[in-house]
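Participant: what follows is a predicted protein model with its sequence.
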Amino acid sequence: MHAIRPGTRMLAALLAVAIALLFPAESQAKKLNVMAATQDLAALAQEVGGDKIEADAMARGYQDPHFVEAKPSFLLKLRHADLLIVVGLELEIGWLPPLITQSGNPNIQPSAPGYLDASQFAEILEKPSGPVTRAMGDVHPLGNPHYWLDPDNGGRIAKGIADKLGELDPGDAAYFQQRYQDFDRRLKAAEKNWDAQMLPYRGRKVVTYHKSLPNFAKHFGLDVVGYIEPRPGIPPSPGHTIELIGQMKRDGVKVVLMEPYFDSKTPNSIGAATGAQVVVMLPSVGGEKEVTDYFKLFDYDIALLKKAFDATK
Ligand SMILES: [Zn+2]
């Protein structure tokens, strides 16, 4: 009926441009939504996923990954996830399974293609030989779940994630493999440097709060001779602490390593009784603000350890 006036035509053209800018073609805009249980796994996914993925994590690096408070925001993110990466070995059993169910997202259910258990790629230590129990509340019933603290495992996990991303997004499979190759090259170079830095301290005896460091200790040659927790997940008891102090005196243990999320009262009293230095070592990416990726985690911890070992010769 009405002729379109020039002004209107201009407006329509501008609108079309604005829409194109806001909503680029599907193929360009589509990124895989990756949700990881921990920041370590999110960091590894980001290394190989580059700008083809959005990676986010639930447990923060300064939180105990065994005991995470489930937040409504987790549910929202899980609902939209294309891929969920978990540590596995029952690390998240206390908080994650109900979230996965409640998310109602069929893609990330444990038997679905968008569910990835990273433990399958890693070397797992302390695997139980007998029947599996959670005796006395042991939170490591299937083997030690803190396996990401060995850089060799980090490389293996990154490969597993790259393969999975390629499976979910075959068009970018070559991109993910190329990113993995590049990451692996940088990791091997960094590892050489870390190994050299830790070489003078091989065989040094330490005590840790939780059994978080067997993979780290194995890789870098540290000797973990005791734990402040009587069993993983069980708080310190006076009897166990007294025994540990005696053992540390006999073995000449001068460094106690604790995770940032434990109460420092018992470690400090052990330090006072034995003359050992108490060091807060980060078990995860995100444990401190500046530890923003997988490389910085080892940079940070190794610098800390060197300082502690040098000070307690
Ligand atoms: Zn643990």
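Facilitator: Yep, that arrived. Residues are numbered from 1 along each chain as shown.
Participant: going forward, measure contacts and count neighbours with C-alpha atoms only.
Facilitator: OK.
Participant: bridging residues for residue 256?
Facilitator: residue 207, residue 278 (DSSP bridges).
Participant: what sits against it?
Facilitator: The contact partners of residue 256, by C-alpha atoms under 8 Å, 6 or more residues apart in numbering, come to 206, 207, 208, 209, 267, 271, 276, 277, 278, 279.
Participant: how about residue 78?
Facilitator: 35, 84, 99, 100, 103, 105, 108.
Participant: quick one, strands of the stretch 101-250 of the chain?
Facilitator: 115-117, 205-208, 223-227 (DSSP state E, counting those that start in this stretch).
Participant: go through the last one and flag the buried ones.
Facilitator: So the one you mean is strand 223-227. For strand 223-227, the neighbour count (16 or more other C-alpha atoms under 10 Å) marks 223, 224, 226, 227 as buried.
Participant: how about residues contacting it?
Facilitator: Contacts of strand 223-227 (C-alpha under 8 Å, 6+ apart): 203, 204, 205, 206, 207, 208, 209, 210, 211, 214, 217, 244.
Participant: again, but for the first one
Facilitator: Contacts of strand 115-117 with the rest of the structure, by C-alpha under 8 Å, 6+ apart, involve 83, 84, 85, 86, 87, 88, 107, 108, 109, 110, 161, 164.
Participant: and the pLDDT at residue 276?
Facilitator: The model reports residue 276 with a pLDDT of 98.
Participant: my guess is it contacts residue 254, does it?
Facilitator: Yes: using C-alpha atoms under 8 Å, residue 276 is in contact with residue 254, at 4.1 Å.
Participant: shared neighbours of the two, anything?
Facilitator: The contact lists of residue 276 and residue 254 share residue 312, where a contact means C-alpha under 8 Å, 6+ apart.
Participant: and the most centrally placed residue in the chain, what pLDDT?
Facilitator: Centroid-nearest residue in the chain: residue 40, 2.6 Å away (criterion: C-alpha atoms, centre = their mean). What the model reports for residue 40 is a pLDDT of 98.
Participant: helices along the chain, start to end?
Facilitator: 6-22, 26-29, 39-49, 72-79, 96-103, 151-168, 173-198, 214-220, 238-251, 265-274, 294-311 (DSSP state H).
Participant: nearest to residue 286, of those?
Facilitator: Nearest of the helices of the chain to residue 286, taken as C-alpha to C-alpha: helix 39-49 at 6.5 Å.
Participant: and residue 55, what does it touch?
Facilitator: Per C-alpha under 8 Å, 6+ apart, neighbours of residue 55: 33, 34, 35, 36, 42, 43, 45, 46.
Participant: then residue 77?
Facilitator: Residue 77 sits next to residue 35 when contact means C-alpha under 8 Å, 6+ apart.
Participant: sketch out the low-pLDDT regions of this protein for me.
Facilitator: 1-8, 16-29, 132-137 (pLDDT under 70).
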